[in-house]
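# need a 3D model of the following:
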Amino acid sequence: MRTRLRVPITCRGYSNVYTTVYHCKMKISEFEWNDGNWPKCGKHGVSREEIEQVLMGNPAVMPDPHPSEPRMRAIGTTTAGRFVFLVFMLRKLGNKAVIRPISARYMHQKEIDHYANKT
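Residues are numbered from 1 along each chain as shown. Model prediction:
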């Protein structure tokens, strides 16, 4: 199941001691949801809608150090103000940009405090 979207893209990045963080708005054609990724995302109680809200908002995005495939990490908030950490892949299918969420969870208070101090 794919959710189709259109979001304009602009990125600005900045470096800190630990990693490079990007704040991006991308022209996303759709989200890729199936039996391979949804159970892993949903097991922590985060809904598809919340994951899509975070990625359509203004998340902090950084590369994931996963060695075998190019993944990204994102930290952001839902429209209800809940902080979410997620891992996703950005795929190009033809001329479309497709986001495939891999894992998502609500952030712990310590992570929220750290994130809030960095933004």
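# quick one, phi psi at the spatially most central residue of the chain?
Central residue of the chain (CA atoms, centre = their mean): residue 74, 4.0 Å from the mean position. Main-chain torsions, residue 74, degrees, to the nearest 10: phi -140, psi 140.
# so it bridges to which residues?
When assigned by DSSP bridges, residue 74 has beta-bridge partners residue 61, residue 86.
# quick check: it touching residue 86?
Yes. The pair residue 74 / residue 86 is scored as a contact, 5.2 Å apart, by CB atoms under 8 Å. For the C-beta atoms, the positions are set from N, CA and C on the backbone; glycine is no exception.
# any shared contact partners between these two?
Residues within reach of residue 74 and of residue 86 at once, by CB atoms under 8 Å, 6 or more residues apart in numbering, are 54-55.
# gap between the residue nearest to the centre of the chain and residue 80?
Computed as CB to CB, to the nearest Å, the residue 74 to residue 80 distance reads 17 Å.
# lovely, talk soon.
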